[in-house]
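>>> Sequence first, then the predicted structure, then my questions.
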Amino acid sequence: QVQLAESGGGLVQAGGSLRLSCAASGLAFGGYAMGWFRQAPGKEREFVAAISWNGGSTYYADSVKGRFTISRSAFQNTVYLQMNSLKPEDSAVYYCAAVRGNPARTGGQYDYWGQGTQVTVSS
(Lines give C-alpha, C1' and ligand atoms only; values in the text may rest on other atoms or scores of the structure.)
Protein backbone atom coordinates (compact mmCIF):
# COMPACT_ATOMS: atom_id res chain seq x y z
CA GLN A 1 0.00 0.00 0.00
CA VAL A 2 1.43 3.34 -1.08
CA GLN A 3 1.53 6.05 1.53
CA LEU A 4 2.72 9.64 1.28
CA ALA A 5 2.86 11.34 4.67
CA GLU A 6 3.39 15.10 4.80
CA SER A 7 4.64 16.92 7.86
CA GLY A 8 6.15 20.24 8.85
CA GLY A 9 3.23 22.57 8.32
CA GLY A 10 2.20 25.16 10.86
CA LEU A 11 1.69 28.82 11.62
CA VAL A 12 4.45 31.26 10.73
CA GLN A 13 4.73 35.01 10.37
CA ALA A 14 5.22 36.63 6.99
CA GLY A 15 8.87 36.55 6.03
CA GLY A 16 9.46 33.36 7.96
CA SER A 17 10.39 29.87 6.82
CA LEU A 18 9.03 26.35 7.00
CA ARG A 19 10.31 23.02 5.75
CA LEU A 20 7.77 20.48 4.63
CA SER A 21 8.60 16.79 4.42
CA CYS A 22 6.84 13.98 2.62
CA ALA A 23 7.81 10.43 3.54
CA ALA A 24 6.97 7.83 0.92
CA SER A 25 6.40 4.15 1.53
CA GLY A 26 5.05 1.24 -0.48
CA LEU A 27 6.52 2.37 -3.80
CA ALA A 28 9.84 2.25 -5.57
CA PHE A 29 10.73 5.82 -4.67
CA GLY A 30 13.52 6.07 -7.19
CA GLY A 31 11.11 5.39 -10.03
CA TYR A 32 8.84 8.32 -9.27
CA ALA A 33 9.02 12.03 -9.81
CA MET A 34 7.57 13.97 -6.90
CA GLY A 35 5.54 17.12 -6.74
CA TRP A 36 4.10 19.59 -4.27
CA PHE A 37 0.72 21.19 -4.79
CA ARG A 38 -1.36 23.49 -2.62
CA GLN A 39 -4.98 24.43 -2.23
CA ALA A 40 -6.31 27.47 -0.42
CA PRO A 41 -9.95 27.76 0.71
CA GLY A 42 -12.21 28.56 -2.22
CA LYS A 43 -9.43 28.12 -4.74
CA GLU A 44 -8.38 25.36 -7.08
CA ARG A 45 -5.42 23.18 -6.35
CA GLU A 46 -2.27 24.63 -7.87
CA PHE A 47 1.15 23.35 -8.75
CA VAL A 48 4.01 24.49 -6.52
CA ALA A 49 7.10 22.48 -7.39
CA ALA A 50 8.27 19.16 -8.81
CA ILE A 51 11.48 17.15 -8.92
CA SER A 52 12.66 14.38 -11.19
CA TRP A 53 13.28 10.82 -10.01
CA ASN A 54 17.00 11.46 -9.47
CA GLY A 55 16.73 15.05 -8.28
CA GLY A 56 18.51 16.29 -11.35
CA SER A 57 15.67 18.50 -12.56
CA THR A 58 13.40 20.79 -10.60
CA TYR A 59 10.42 22.89 -11.62
CA TYR A 60 8.62 25.71 -9.84
CA ALA A 61 5.54 27.82 -10.14
CA ASP A 62 6.40 31.42 -10.92
CA SER A 63 4.79 32.49 -7.65
CA VAL A 64 7.32 30.57 -5.56
CA LYS A 65 10.44 30.66 -7.74
CA GLY A 66 13.40 31.97 -5.79
CA ARG A 67 11.67 31.43 -2.44
CA PHE A 68 10.92 27.69 -2.37
CA THR A 69 13.31 24.80 -2.93
CA ILE A 70 12.31 21.21 -3.60
CA SER A 71 14.72 18.37 -2.88
CA ARG A 72 14.65 14.65 -2.23
CA SER A 73 16.56 12.01 -0.31
CA ALA A 74 16.74 8.58 -1.87
CA PHE A 75 18.16 7.21 1.38
CA GLN A 76 15.17 8.41 3.39
CA ASN A 77 12.50 8.06 0.66
CA THR A 78 11.53 11.61 1.43
CA VAL A 79 10.87 14.76 -0.56
CA TYR A 80 11.24 18.19 0.99
CA LEU A 81 9.94 21.66 0.32
CA GLN A 82 11.95 24.43 1.91
CA MET A 83 9.83 27.56 1.98
CA ASN A 84 11.48 30.91 2.69
CA SER A 85 10.21 34.47 2.66
CA LEU A 86 6.70 33.22 3.19
CA LYS A 87 3.77 35.45 2.33
CA PRO A 88 0.16 35.36 3.53
CA GLU A 89 -0.87 34.24 0.05
CA ASP A 90 1.19 31.08 0.54
CA SER A 91 -1.34 29.94 3.14
CA ALA A 92 -2.91 26.67 1.98
CA VAL A 93 -3.02 22.96 2.51
CA TYR A 94 0.10 21.55 0.91
CA TYR A 95 0.02 18.12 -0.70
CA CYS A 96 2.81 15.95 -1.99
CA ALA A 97 2.23 13.62 -4.91
CA ALA A 98 4.08 10.94 -6.83
CA VAL A 99 4.07 10.29 -10.57
CA ARG A 100 5.80 7.42 -12.30
CA GLY A 101 8.22 8.77 -14.85
CA ASN A 102 8.69 12.45 -15.59
CA PRO A 103 7.66 15.35 -13.35
CA ALA A 104 4.41 17.09 -14.21
CA ARG A 105 2.75 20.40 -13.45
CA THR A 106 -0.75 18.97 -13.76
CA GLY A 107 -2.20 17.26 -10.73
CA GLY A 108 -4.24 14.85 -12.81
CA GLN A 109 -1.07 13.16 -14.00
CA TYR A 110 -0.02 12.08 -10.53
CA ASP A 111 -0.61 8.57 -9.30
CA TYR A 112 -0.53 8.98 -5.53
CA TRP A 113 -1.32 11.77 -3.08
CA GLY A 114 -0.75 12.50 0.55
CA GLN A 115 -3.34 13.81 2.99
CA GLY A 116 -1.87 17.30 3.14
CA THR A 117 -0.42 19.59 5.76
CA GLN A 118 -1.71 23.05 6.65
CA VAL A 119 0.51 26.08 6.21
CA THR A 120 -0.74 29.39 7.58
CA VAL A 121 1.23 32.61 7.12
CA SER A 122 0.15 35.53 9.23
CA SER A 123 0.68 39.13 8.15
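Cool, the structure landed.
>>> so which helix or strand takes in the residue nearest the centre of the chain?
Nearest to the mean C-alpha position of the chain, by C-alpha atoms, centre = their mean, lies residue 36 at 2.4 Å. Secondary-structure assignment from DSSP states H and E places residue 36 in strand 32-39.
>>> Residue 52: what's it in contact with?
Counting by C-beta atoms under 8 Å, 6 or more residues apart in numbering, residue 52 touches 33, 58, 102, 103. C-beta here means a position set from N, CA and C on the backbone, and glycine is covered the same way.
>>> switch the cut-off to 10 Å
Residue 52 is in contact with 32, 33, 34, 58, 59, 72, 101, 102, 103, counting by C-beta atoms under 10 Å, 6 or more residues apart in numbering.
>>> where's the dip in pLDDT among those residues?
pLDDT across these is lowest for residue 101, at 90.
>>> Which residue is the nearest non-sequential neighbour of it?
residue 33 (6.6 Å; C-beta to C-beta, 6 or more residues apart in numbering).
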